[in-house]
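**Student:** I need the structure of the sequence given here:
(4 chains)
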There are 2 protein chains.
Amino acid sequence: MGRVSDARQRLIDAAIDLIGRHGYAGTTVDSICDKARVNKGSFYHFFQSKDDLVVAALDRHWEDRKADLDRLFSPAVPPLQRLQNYFQNIYERQTQLKASTGQYAGCIYSSIGSECIEQSPAISRKVQEILSTYARYYESALRDAQAEGLVRIKDLPGKAKSLFAYMEGVLSQAKIQDDPTLLRDLGASAFEFLGLHLQRKLKAS
Amino acid sequence: MGRVSDARQRLIDAAIDLIGRHGYAGTTVDSICDKARVNKGSFYHFFQSKDDLVVAALDRHWEDRKADLDRLFSPAVPPLQRLQNYFQNIYERQTQLKASTGQYAGCIYSSIGSECIEQSPAISRKVQEILSTYARYYESALRDAQAEGLVRIKDLPGKAKSLFAYMEGVLSQAKIQDDPTLLRDLGASAFEFLGLHLQRKLKAS
DNA sequence: ATTGCATTAGACCGACTGGTCAACTATTCC
DNA sequence: GGAATAGTTGACCAGTCGGTCTAATGCAAT
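**Tutor:** Numbering: from 1, shown residues only, chains lettered A, B, ... in the order given. Just a heads-up that it's a prediction; the model follows:
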């Protein structure tokens, strides 16, 4: 019953784009409405508040990203190959985003998270939830690699968190310094972090 | 001639604290004035704009931090020891900030930087300047370590940038996830990243 | 003591903030 | 075709934003 509309989706898409570029506080409800070609009243028909929209946008962004990760981290792929493909994917994603928006996007979860702690509990919780789910992909791949004797890691969950933090750091620095080299070498550096050298060990597996 | 005042300094201190917690856009000129017990008129007597204050605050923050770094990265200290002391210093700093403000502060340069690119060129430039100066400490220590045969690194500037990005990532994730473990293990993890194991190799140097 | 100037004070500005509201319109189901 | 319902519209709100302005104030050097 009633009419149907994709305004909700348009608002979410606009929010992801704008917040990715200008941050949470730097993005206004009006600017989101403008970009989505939606009136203020419609915004508050679909969302209770700005924070509500941001949480929905995070959910939606993660839904999309998760589909990629599920493919890249498929157990059908050898564990170290998963990581290599994944880091390659990050490089390609960021390169593409830079081409279309003019700058590296970094990680939207971390960007929003570091801005919103102490300001919006709802957003913080969502970001924390996404980031810890995200990091589990690392842990799983490393555990499989360990089981196959490809790596020797003492504190496996710790190493997974470290590697994840490294990836986040690279994304952040690439964005701030507008530097592609860190992103390009992300995979190779990550493998060194694991005590591996890309060419030799990967061929062996 | 005329009176003297420390209002300028109070404004900078207040800005560092507030921006560290709520970000650039999330910190208002009024809130800075309130915290510094300074009136709006005085603010604009000392600074041309909000951005002007932020740049001054970044300068001031870096001035203080630089003094610490100069001590920690003194050539009088063995190069790997410099890094160990430095990572320990980060852990202590963040722990202390968490105790006094209730949360890990992360890196104020990266936080502001990732928020202000595309919004404020002046602030972006300042952040980029500070971050690249900062990373030189890493490069210098690694070069000295290499010269003493303590590490074997092919792309030394690249490795320095990677290690720096790792540190930034750890700070960011520690802040968002409110997780002390990453910070505690930062030094040990960094040495693994360099292909070293803390206890053994450090004793050898 | 006076004068000159750095500083202080806070009312004020227009633009914009997140959010509300009531009237209106189109669609879908019966 | 007529309810019932989902979505649209844009004027409006109180509060806040970064920033301006003029008058007052007090210290420092003469």
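**Student:** quick check: closest non-adjacent residue to A:E168.
**Tutor:** B:G169 (4.2 Å; Cβ to Cβ, 6 or more residues apart in numbering or on different chains). In short, each C-beta sits where N, CA and C put it, glycine included.
**Student:** so which bits of chain A are right by DNA strand D?
**Tutor:** With Cβ under 7 Å from any atom of the strand as the criterion, chain A meets DNA strand D at residues A:M1, A:G2, A:R3, A:V4, A:S5, A:A7, A:V38, A:N39, A:K40, A:G41, A:S42, A:H45.
**Student:** give me the buried entries from those.
**Tutor:** Neighbour-count burial (16 or more other Cβ atoms under 10 Å in any protein chain shown) applied to the residues of chain A next to DNA strand D gives A:A7, A:V38, A:S42.
**Student:** looking at the residues you listed, which one is closest to B:I108?
**Tutor:** Nearest to B:I108, judged by Cβ to Cβ, of those is A:V38 at 35.6 Å.
**Student:** isn't the closest one right up against A:D13?
**Tutor:** No - taking Cβ atoms under 8 Å as the definition, A:V38 is not a contact partner of A:D13, at 10.9 Å.
**Student:** any low-confidence regions in chain A?
**Tutor:** Chain A contains residues with pLDDT under 70 at A:198-205.
**Student:** if we go to 90?
**Tutor:** Applying pLDDT under 90 to chain A flags residues A:1-3, A:118, A:196-205.
**Student:** show me the helices in it, by range?
**Tutor:** Here chain A has its helices, by DSSP state H, at A:7-22, A:29-36, A:40-46, A:50-72, A:79-101, A:108-116, A:121-147, A:156-177, A:180-184, A:186-193, A:198-204.
**Student:** make a markdown table out of those and add distance to B:D64.
**Tutor:** As requested, those are exported to a markdown table (distance: least, Cβ to Cβ, whole Å):
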| stretch | distance to B:D64 |
| --- | --- |
| helix A:7-22 | 29 |
| helix A:29-36 | 36 |
| helix A:40-46 | 43 |
| helix A:50-72 | 34 |
| helix A:79-101 | 33 |
| helix A:108-116 | 21 |
| helix A:121-147 | 29 |
| helix A:156-177 | 21 |
| helix A:180-184 | 27 |
| helix A:186-193 | 31 |
| helix A:198-204 | 40 |
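**Student:** between these, which gets nearest to B:L18?
**Tutor:** Set against B:L18 and scored by Cβ to Cβ, those come closest in helix A:108-116, at 13.1 Å.
**Student:** that closest one packs against which elements?
**Tutor:** With contacts taken as 3 or more Cβ pairs under 8 Å, 6 or more residues apart in numbering or on different chains; DSSP states H and E, helix A:108-116 sits against helix A:7-22, helix A:50-72, helix A:121-147, helix A:156-177, helix B:108-116, helix B:156-177.
**Student:** do the longest one and DNA strand C come into contact?
**Tutor:** What that stands for is helix A:121-147. No - contact between helix A:121-147 and DNA strand C is absent, the nearest approach being 11.2 Å (criterion: Cβ under 7 Å from any atom of the strand).
**Student:** ok, A:Q84 touching A:G187?
**Tutor:** Yes - with contact defined as Cβ under 8 Å, A:Q84 reaches A:G187; the gap is 5.6 Å.
**Student:** spell out which residues of chain A are next to DNA strand C.
**Tutor:** A:1-4, A:27-31, A:40-41, A:43-44, A:48-51.
**Student:** show me which residues of stretch A:105-125 are buried.
**Tutor:** Using 16+ other Cβ under 10 Å as the burial criterion, the residues of stretch A:105-125 that qualify are A:105-117, A:120, A:123-124.
**Student:** for stretch A:168-179, same thing?
**Tutor:** Residues of stretch A:168-179 classed as buried: A:E168, A:G169, A:V170, A:L171, A:S172, A:Q173, A:A174, A:K175, A:I176, A:Q177, A:D179 (neighbour count, 16+ other Cβ under 10 Å).
**Student:** for A:G106, which non-adjacent residue is closest in space?
**Tutor:** If the residues on either side of it in the chain are set aside, A:G106 comes closest to A:K175, at 3.7 Å by Cβ to Cβ, 6+ apart.
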